[in-house]
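1. structural data only, the sequence is not supplied:
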Ligand SMILES: NC(=O)c1ccc[n+]([C@@H]2O[C@H](COP(=O)([O-])OP(=O)(O)OC[C@H]3O[C@@H](n4cnc5c(N)ncnc54)[C@H](O)[C@@H]3O)[C@@H](O)[C@H]2O)c1
Ligand SMILES: O=C(O)C[C@H](O)C(=O)O
Ligand SMILES: [Mg+2]
C-alpha cells in the first residue's frame, strides 16, 4: 500500500482543536533509575525503600551538576570523559541529561563527533557490560506504570544487536528489547564517520545519535533504540582481534543484506507500528533508501539529514556571498552518500530559486578518488550518474587542484574522508577567485576534516564563509573573534525524527527533509545574523529543534502522510507550544515522578529544590537553554 493511501485510510474529518491541552498527550514512559538520585527527598526514599541506599544529603540539582562537572574535568582524555558520561547515562539518565542541557556545547564533542569516532575504534576494548539498574528495582511492586501495570523489566541496555545468523528469527530477538520504542537509529557499522568499516564497534554511533535525539529534541530516552547489525565486517584487523565482539565473517553480500533488511524492517514495524527508523553510516545506503522510503517511516541521515543541514547553512552562505544561485559553481570532493545527498538537496534549492533542473545540476562538479566524475571517464556507480559531467571535452581532471583551476568554483565542499585535502594552495586560490569563498570541510571526525578552521581563515585571509562537520574552536583574526559554523546533521535529524513521531507520519517525504533545512536556515537570531553566522548557536539546539520539528510536521501535512490529524488545524504558535510540551525535560520529568510517588504515599506535594533549573531547560518546560554567553 502506498504511503499516501495509508494516510488517507486513517483520515477522519479533522477536529478544529483550539487548545493544545486537548491534543494527544505523551504516554509517559517509565522513568529510569531516578530512585538512587541524591535529589530525592527523605520521605520518598523511605516510601520507595531506598532510604539508606544513597548518602544522607538531599541535594539540589545544582549541587549534583557541580560534582559531575568536577568529575568530568578530572578525566584527562576525551575517551575517559566519554566513558564517565556513558556510565552516568546508564546509571542516572535524568542527571546525565540535566548535565548535558546546560553544557551542550562542551559535552556534545565528548558524546558525539569527534570523540565517538575514537570510542567506536576502541569499542571492543572499552566495552564493559550491558548497563543495568540495580537488582532491587526489579522486585519492587509499588511502581505503577500506565494503567496500573507493574513493570518488571527495568534494565537499560546500551543497544540491541541483530546478527546475520539470527535471520529468520529477527522478530523474536526484537521481542527481547524491554521497552516501547518511538525511534531507532540503525547501522551495520560499515562506514563509521570517515573511519571505515568498524563492524559491531559501530554501535557507538546509534548510541550517540540517540543521546542527541533526547538532548536536542526531547525524545524520551526510554523510547529510543540503538540498533547495530552484525552483518560481518570487511575490517580484517577487527576480525583477527581476539577482543572483537562481532562475528568474524566477511561482510555479507548486497543481496544477503537486502533480504536481512527486509526482514528487519518488517519485524520492527510489526512490534512498534509507528516506529521511525533512521539509517546511519552504511557504506552503500542508496538501495535501502530507495526500497523503503515510501513504505516505512524511515530516512537516511547521511544522504538526507546531511543534505538538509547543508541546505540550511548554504541558504545563509549564498545570501552573504552575494553571488546569485545561477552563478554559483560548486566543487564537491567526495561523491558518496553524503556528497550526492548534499548536491541533490542544493539542486532543489537552486530550482526553487528559478533555475531549471538542468541548469541547477550543472552548478555541481563532483570529484571522487578517481578525479572529476564525468560520463566519458568509464563506468560509474549508479548514484554518481545524475551529476556526471558531459562538458569536459574528453579531458579527465584527476586532482582537486586541477578541478579547481578548471571550474573556478565559488564553493568547495568536502565529504571525502580525506583529512587535509583542502591544501593551503587550494584555499589561497579560492580566496583569489572569490570575494567570499564558501569553504565547507564536512568530513568527520576532526582528523578527517578536509581543513581546519584555522587553516581556512589563515589561507583565505579571513574571507571564507566556513562550516565544518566536526567542531573547531573560535579564533582571533585581525582583532576580531571568529566562530566557525558546524555543518553537522545534528541540527536537523532530531527535528526530522520528532516531527515524524508527533505527526505520526507513515513515511518521511522529501518535502519533510527539505523543510527541515529551510526551517534551520530561518532559526538564527538577529544577533547571530549580524555576526554572519551560518548556523545558530548549538547551545540553542532545543529551540532550533522546535522550529525544525514544526517545519517537518507542516510538510508532512502538506504531503498528506501525517496521521495525527488534530495537528492540522492548530496555529503555528499552538503547534510550537505543543511540540515543547511533548519534549522530555530531565528537570521536570524527575520532579513529576517524585510528585507522583508523594501522591501515592499520601505525602504533601512538592518540597523539591527548584533553584537549579536555570542550568538547562526552562522551569516552564520551555526547553529554553540558558548559556553563559552567546
Ligand atoms: N557533516 C555532516 O553532518 C556529515 C554527514 C554525513 C557524512 N559526513 C562525512 O562525510 C564523509 C563521507 O561520508 P559518505 O557517507 O559520503 O562516505 P562514502 O564512503 O559514501 O563516500 C566517500 C567519498 O569520498 C571519495 N574519496 C575517497 N578518497 C578520496 C580521495 N583521495 N580523493 C577524492 N575523493 C575521495 C570516495 O570516492 C567517495 O565518493 C565522512 O567522513 C562522513 O563522516 C559528514
Ligand atoms: O555523525 C556525524 O557527526 C555526522 C554524520 O552522520 C557522519 O556520518 O559523519
Ligand atoms: Mg553518519
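-> Sure thing, it's come through. The structure presented is a predicted model; accordingly, all values stated were derived computationally and were not measured. Numbers count the residues shown, from 1 in each chain. Ligands and ions are numbered 1, 2, ... in the order given.
2. all contacts plus neighbour counts: C-alpha atoms, from now on.
-> Noted.
3. so where's the longest strand in this structure?
-> strand 224-230 (DSSP state E).
4. now do the buried residues in it.
-> Judged by neighbour count using 16 or more other Cα atoms under 10 Å, the buried positions of strand 224-230 are 224-230.
5. same check, this time on stretch 479-489
-> In stretch 479-489, counting by 16+ other Cα under 10 Å, buried: 482-489.
6. and stretch 515-526, by the same measure?
-> Neighbour counts over stretch 515-526 (16+ other Cα under 10 Å) mark 515-524 as buried.
7. these two touch, right, residue 316 and residue 521?
-> Yes - with contact defined as Cα atoms under 8 Å, residue 316 counts as touching residue 521 (6.5 Å).
8. any common contacting residues for those two?
-> Residues touching both residue 316 and residue 521 comprise residue 534, with contact defined as Cα atoms under 8 Å, 6 or more residues apart in numbering.
9. distance between stretch 75-92 and the chain's centre?
-> Its chain's C-alpha centre and that of stretch 75-92 lie 20 Å apart, by Cα atoms, centre = their mean, to the nearest Å.
10. tell me the pLDDT at residue 53?
-> Listed pLDDT for residue 53 reads 84.
11. what is the neighbour count of the closest residue in space to it that isn't next to it in sequence?
-> Leaving out its chain neighbours, the residue that sits closest to residue 53 by Cα to Cα, 6 or more residues apart in numbering is residue 36, at 7.3 Å. By the measure other Cα atoms under 10 Å, the count of residues near residue 36 is 17.
12. how about the contacts made by residue 36?
-> By Cα under 8 Å, 6+ apart, the residues touching residue 36 are 50, 53-54, 92.
13. can you redo the residues you listed as CSV with distance to residue 181?
-> Below are the contacts of residue 36 laid out as CSV (distance: Cα to Cα, whole Å):
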residue, distance to residue 181
50, 28
53, 31
54, 31
92, 20
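14. what's the ChimeraX line that selects buried ones from these?
-> Of these, the buried ones go into a single ChimeraX selection, burial set by 16+ other Cα under 10 Å:
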select :50,92
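15. restrict the buried residues of stretch 479-489 to those near ligand 2?
-> 488-489 (Cα under 6 Å from any ligand atom).
16. tabulate the buried residues of stretch 479-489 (CSV), appending secondary structure.
-> Formatted as CSV, the buried residues of stretch 479-489 follow (DSSP: H, G, I helix; E, B strand; the rest coil):
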residue, secondary structure
482, strand
483, coil
484, coil
485, strand
486, strand
487, coil
488, coil
489, helix
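17. need the buried residues of stretch 479-489 in TSV with distance to residue 538 and pLDDT, can you?
-> TSV is the format used below for these (distance: Cα to Cα, whole Å; pLDDT from 0 to 100):
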residue	distance to residue 538	pLDDT
482	15	96
483	12	96
484	11	97
485	9	97
486	9	97
487	11	97
488	10	97
489	12	97
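18. residue of the stretch 501-630 of the chain closest to ligand 3, please.
-> Across the stretch 501-630 of the chain, the shortest distance to ligand 3 (Cα to the ion) belongs to residue 513, at 15.8 Å.
19. correct me, but residue 333 touches residue 419?
-> No - with contacts counted by Cα under 8 Å, residue 333 stays clear of residue 419, the gap being 11.3 Å.
20. which one's more surrounded, these two?
-> residue 333 (29 against 20).
21. from what I can see residue 302 touches residue 341, true?
-> Yes - Residue 302 lies in contact with residue 341 (Cα under 8 Å); the separation is 7.5 Å.
22. what's the overlap in contacts for the two?
-> Counting by Cα under 8 Å, 6+ apart, nothing touches both residue 302 and residue 341.
23. so what's residue 282 up against?
-> Contacts for residue 282 were tallied using Cα under 8 Å, 6+ apart; they are 187-192.
24. ligand 1 contacts on this protein?
-> Residues of the chain lying near ligand 1 by Cα under 6 Å from any ligand atom: 193-194, 283, 302, 306, 333-339, 367-369, 415-418, 442-444, 469, 487-489.
25. show the buried residues in the residues you listed.
-> Judged by 16+ other Cα under 10 Å, buried ones among the residues of the chain next to ligand 1: 193-194, 283, 302, 306, 333-339, 367-368, 415-418, 442-444, 469, 487-489.
26. among those, which are in reach of ligand 3?
-> Restricting these to those near ligand 3 by Cα under 5 Å from the ion leaves residue 302.
27. among the buried ones among the residues of the chain next to ligand 1, which ones are in strands?
-> Mapping those onto strands (DSSP E) picks out 333, 367-368.
28. low-confidence ranges in this structure?
-> By pLDDT under 70, the weakly predicted segments of the chain are 1-35, 129-157, 605-630.
29. number of nearby residues for residue 454?
-> Residue 454, neighbours per other Cα under 10 Å, totals 17.
30. so who does it touch?
-> Counting by Cα under 8 Å, 6+ apart, residue 454 touches residue 475.
31. that one in helix, strand or coil?
-> Secondary structure for residue 454, judged by three-state DSSP, is helix.
32. which strands and helices sit next to the helix or strand hosting residue 108?
-> Applying DSSP states H and E as the criterion places residue 108 in helix 104-111. The contact analysis (3 or more Cα pairs under 8 Å, 6 or more residues apart in numbering; DSSP states H and E) places helix 104-111 against helix 78-91.
33. which SSE is immediately downstream of the helix it packs on?
-> helix 93-102.
34. tell me the angle that next one makes with helix 104-111.
-> For helix 93-102 against helix 104-111, the angle by axes from the mean of the first three to the mean of the last three Cα atoms, to 10 degrees is 120 degrees.
35. show me the contacts for the closest residue to residue 388 other than its chain neighbours.
-> Spatial nearest neighbour of residue 388, chain neighbours left out: residue 374 (4.5 Å); criterion: Cα to Cα, 6+ apart. Contacts for residue 374 (Cα under 8 Å, 6+ apart) come out as 388-390, 392, 396.
36. which residue, other than its chain neighbours, is closest to the closest residue to ligand 2 within the chain?
-> Closest to ligand 2 within the chain is residue 193: 4.2 Å, counting by Cα to the nearest ligand atom. Nearest non-adjacent residue to residue 193, counting by Cα to Cα, 6+ apart: residue 444, 5.4 Å away.
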